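>>> Quick one, fold the following:
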Amino acid sequence: MGWTDDDLDELHRVVHLQDAQDAMAFITALRKASLDDPFAHLPPDALDRLRNPPRTLPNITDPDLLMSLKLFLADTTTKAYDLIRAAISERHPDDDVYSHYRVKQLCTELSGVVPLVHDMCINMCLAFTGPFVDLDQCPRCGEDHWDQKRSTPQKKVAQQKFNTYPIGPQLQALWQHPDHTQKMRWREQRTQEILEVLGMTDGIPDVYEDVLHGKQYLDACQSGKIKEGDPILMFLIDGAQLYESKQSDCWIYIWVLFDHSPDKHYQKKYVLPGGIIPGPKKPKNLDLFIFPRLHHLWIQAEDGPGMAFLTGLIGHHGKMSCRLYCGLPGRHKLGAPTYYPVLRQPIGNHDHPDILIHQLPPAGSFNYKANLRRIVSCRNAAEYEFAPLETGITKPSIFCGFHSDRILPVPHSFGSDIMHVAAINAGDLLIPLWRGTFRANPTDDKATWRWAVLVKETWRKHGSSIADATPYLPGSFDRPPRNPAEKIHSGYKAWEWLLYLYGMGPATLYGILPEPYWSNFCHLARGLRLMQQYHISHPEHLDGHQHLLDFADEFEEIYYQRRNDRLHFIHPWIHSLTHIGPETVNKGPPICSSQWTMERTIGNLGQEIHLHNSSVYANLSQCTIRHCQINALKAIIPMIEPSTNALPKGSFDLERTAHMVRPCEAQAIVRFLANDSGIEIPSAPPITKWACLRLPNGQVARSAWKENAMTKQPRMAHNVKVFQQTYFLQLLLNGQTAIVAMVSVYSDPHQDLLHHSFHTVFACHHHGDNSLRLIKVCAIKSVVAMVPHQFLGINGILFYLIKRPGLDIITMSGINEEDIPDED
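Just a heads-up that it's a prediction; the model follows:
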């Protein structure tokens, strides 16, 4: 249940402290928002376009205009555009190539997307928006709103500004062209299909696939809160690191539109920028910075560390620290202020008794409304000092200002943040523990830490084994993890953590990390591998959830051991794991509402910035508005979008070069023809070999035949599932062409490793030419890595399997292997 007008009126009647009054003022302004209110901050022409959207498509028949638009879309600098324009005009003087300024103005006019500029405190305290728009000074730090040197009696100039990008015109553009209008109907059609299936399966889906399978979304549809034509948006916000030497140089927020099919709504051209907040300091009150763009929206879910500043919750050090507000009380060391979400009562600490992991309260079950009323009704600072400790709330969330039919109710609208949990938080705890560098209390002797094994030469060799795997990781796996023994403190990226911990960790730590610590880690790896998929079957969901519960429960038992001086071992992310399974039921697969889309957007904008030399924040704002306008134009006028080459770079549709085959290959061809098509031939004829094959998921599979012939050895991409591809060839079978692959089959996986690792270590022998066979290429699902490794106590080299994490989301983002830059 959301917040009604009566609920907010009740809070207004009891609010006392100034900070709470300010928060309620913005919540009320958001609740009463309309296109006519002064806080909308829209120029007259943009306001008119929102109210009277174009009913016809622009008539783009002028070839000079079309050429100018396509040239502008090529993302050239102003100088490069002018040089190309001059060259065209010199060669074709009768062609009227528009000036850069003219075509830029035309893009603004055709797209209807304009940036809105807002004032902010120069110290990042707040934005002068909403009820604060007319303040002359920052109420927090006292700095002047206006730049006294540049301001005049006729015109005031703010000391600092930031840009936002209205969502309305960007959404309107997606509804103008008939083709895009049909695409925008996908969610409604798919929702109806899901509801029909659930009606036949007692409401239990056989697969969780995209946010549309989330119970909270489906309930909102069935109750009529989500109506036909309502756009469904996800809000993401995070700090962006523009320079490697700094942390967050600015803050960016975006919208992901779920009305498109999944193969579109994570793509760059369908991600809708919302605003950019310049740094380098962290905004002290994010509510005021996002307020201008929260009008007339329906928001499905939020995610990311930036959301901690918008939820109004106390944060991960508080007693009630769960970001999903389940109400689990934390424990703290005697005399220390920091709390930890520990289930088992420490010896000698007489706080609340043990909490069984299968009896944890569900997300959002703590009484948010009653607790928020307690917070806002505090009459003085002394009364407020203890209220957040018991309630887990510091202030009302700005999202309480939405009508109940426009947002999943607070706090249910907040996401589980699986990207940071899996890719960053886990490594920040586990690796220091295993290295013995984690902070220990004076009463805790590290000599008793049986898990602290990654030390000295062992740590160096382990790091080398990670770096040595790089040649075996296909290019589609993006950036390979660097040697953690050398680079783990040098900006180790989230993607590196993901491949290192969950792709390589179970195999490379076998025989190094002793029991029960290795098995405990395998519980984590198995659970997160399953829960980070886009398609999660019902059995996989149950299995993944159980493994995460087993990890969290056993972690306390074998590391913390009910010791008061080890309470700080239990980080908040461990508790977050227990909610991933139930939240998948509520919101769909957690990867669909994770920060990976935000990370990709930051990376895209960062690449565009590096193409220009100018003020970084001004340039970032210009790149972002250009991104908004060009994406809107591509939706309105699809013909201006350049066609994409469906073939990988350097490939040919059919390369007809006859090759003789080796005897072992000839035998495989003869067996395939006999078994698959009933064709008996005495020997194999000359064949046509192909070097590469692009799969439907965007990965490029290369043949071992071609890779072995390359002068510069590439990162291997000739392993598919449990096969190694030798080459691709074409056969004519019964009058029909069949494209097949010559593959070398790996052995069955080592059963002891597979069983004891909970299916996280899939390690095989490779038999080379002794196990050749032909398969149809349609049977190849994805390119995988097979990394050679010497497992302790096992004779011979085994090759362990690594699947690309999050492959479905990367595929749906429109990222192909040739789009991924090579790493030196």
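>>> use CA for all of it now, contacts and neighbours both
OK.
>>> My guess is Gln790 contacts His765. True?
No - contact status for Gln790 versus His765: not in contact, 11.3 Å apart, counting by Cα atoms under 8 Å.
>>> So for these two, which residue has more residues nearby?
His765 (17 against 14; other Cα atoms under 10 Å).
>>> Thought Tyr800 was touching the more buried one, still the case?
No - counting by Cα under 8 Å, His765 stays clear of Tyr800, with 9.0 Å between them.
>>> Give me the neighbour count for Thr437.
As a burial measure, the neighbour count of Thr437 was computed by other Cα under 10 Å and equals 13.
>>> host element of it?
Here Thr437 sits in a region with no helix or strand, counting by DSSP states H and E.
>>> before we move on, back to that, shared neighbours of Gln790 and His765, which are they?
Overlap of the contact sets of Gln790 and His765 (by Cα atoms under 8 Å, 6 or more residues apart in numbering) consists of Ile797, Leu798.
>>> who's in contact with Pro388?
Going by Cα under 8 Å, 6+ apart, Pro388 touches Ile314, Ile375, Thr394.
>>> now Leu106
If a contact means Cα under 8 Å, 6+ apart, then Leu106 has no contacts.
>>> With Ile276 instead?
Here Ile276 is in contact with Phe162, Asn163, Thr164, Cys250, Trp251, Ile252, Tyr253, Ser621 (criterion: Cα under 8 Å, 6+ apart).
>>> now those in TSV, with pLDDT?
As requested, the contacts of Ile276 are arranged in TSV below (pLDDT from 0 to 100):
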residue	pLDDT
Phe162	93
Asn163	92
Thr164	92
Cys250	85
Trp251	89
Ile252	89
Tyr253	90
Ser621	86
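>>> Now tell me what touches the longest helix anywhere in the chain from outside.
In the chain, with assignment by DSSP state H, the single longest helix is helix 616-636. Residues outside helix 616-636 that contact it (Cα under 8 Å, 6+ apart) are 57, 73, 107-108, 110-115, 163, 165, 170, 173-174, 176-177, 180, 269-270, 272-273, 276, 278, 605-606, 608-609, 612, 640-641.
>>> Any stretches of the stretch 201-350 of the chain with poor pLDDT?
Within the stretch 201-350 of the chain, the stretches with pLDDT under 70 are 242-248, 295-309.
>>> The same query, at a cut-off of 80, please.
Under the criterion of pLDDT under 80, the regions of the stretch 201-350 of the chain flagged as low confidence span 240-249, 263, 279-280, 295-310, 350.
>>> ok, now the stretch 1-150 of the chain?
Judged against pLDDT under 80, the low-scoring parts of the stretch 1-150 of the chain cover residues 1-3, 35-42, 75-76.
>>> Let me see the ranges of the helices in it.
Using DSSP state H, counting those that start in this stretch, the helices assigned to the stretch 1-150 of the chain run over residues 5-14, 18-31, 44-51, 63-73, 78-91, 100-111.
>>> just the stretch 701-824 of the chain next, same as before
Shown for the stretch 701-824 of the chain, the helices assigned by DSSP H, counting those that start in this stretch span residues 704-709, 751-756, 807-812.
>>> model confidence over the first one, on average?
Averaging pLDDT along helix 704-709 yields 69.
>>> got the contact list for the most centrally placed residue in the chain?
Within the chain, one residue has its C-alpha closest to the average C-alpha position: by Cα atoms, centre = their mean, that is Trp596, at 1.6 Å. For Trp596, the contacting residues are Met419, by Cα under 8 Å, 6+ apart.
>>> Next, the buried residues of whichever strand or helix holds Thr601.
Under the criterion DSSP H and E, the helix or strand holding Thr601 is helix 596-609. With burial defined by 16 or more other Cα atoms under 10 Å, the residues of helix 596-609 counted as buried are Trp596, Thr597, Met598, Arg600, Thr601, Ile602, Leu605, Gly606, Ile609.
>>> can you put those residues in TSV and add distance to Ile347 and pLDDT?
Below are the buried residues of helix 596-609 laid out as TSV (distance: Cα to Cα, whole Å; pLDDT from 0 to 100):
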residue	distance to Ile347	pLDDT
Trp596	41	80
Thr597	44	82
Met598	43	82
Arg600	46	81
Thr601	48	82
Ile602	47	80
Leu605	52	76
Gly606	51	71
Ile609	55	69
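>>> Give me the buried entries from the contacts of helix 616-636.
73, 107-108, 110-115, 163, 165, 170, 173-174, 176-177, 180, 269-270, 272-273, 276, 278, 605-606, 609, 640-641.
>>> Leaving out chain neighbours, which residue sits closest to Ala525?
In space, not counting the residues next to it along the chain, Ala525 is nearest to Tyr502; the distance is 5.3 Å by Cα to Cα, 6 or more residues apart in numbering.
>>> Quick one: neighbours of Pro396, just the number.
Residues contacting Pro396 under the criterion other Cα under 10 Å number 26.
>>> Give me the distance between it and Asp5.
When Cα to Cα, to the nearest Å is applied, the distance between Pro396 and Asp5 equals 15 Å.
>>> again, but for Glu209
In this view, Glu209 and Asp5 are 35 Å apart by Cα to Cα.
>>> ok, these two, which is more surrounded?
For the pair Glu209 and Asp5, the greater number of neighbours falls to Glu209 (20 against 14), based on other Cα under 10 Å.
>>> List the residues that contact the more buried one.
Remark: with contacts taken as Cα under 8 Å, 6+ apart, Glu209 is in contact with Tyr534, His535, Ile536, Gly588, Pro589.
>>> and if you look at Arg563?
If you count contacts by Cα under 8 Å, 6+ apart, Arg563 has them with Pro346, Ile347.
>>> any idea how far it is from Gln751?
37 Å.
>>> Give me the sheet partners of the host helix or strand of Gly274 and which way each runs.
Gly274 is part of strand 271-278, with elements assigned from DSSP H and E. Paired with strand 271-278 in the same sheet, following DSSP bridges, are strand 160-164 (antiparallel), strand 250-257 (antiparallel).
>>> Following that strand in sequence, what is the next regular element?
Moving toward the C-terminus from strand 271-278, the first helix or strand encountered (DSSP H and E) is helix 286-290.
>>> Quick one: distance of that next one to the chain centre.
Centre-to-centre, helix 286-290 and its host chain are 22 Å apart (Cα atoms, centre = their mean, to the nearest Å).
>>> Could you do stretch 576-587 as well?
16 Å.
>>> mind starting the numbering at 41 from now?
All set: I'll call the first residue 41, so the last point we hit is now stretch 616-627.
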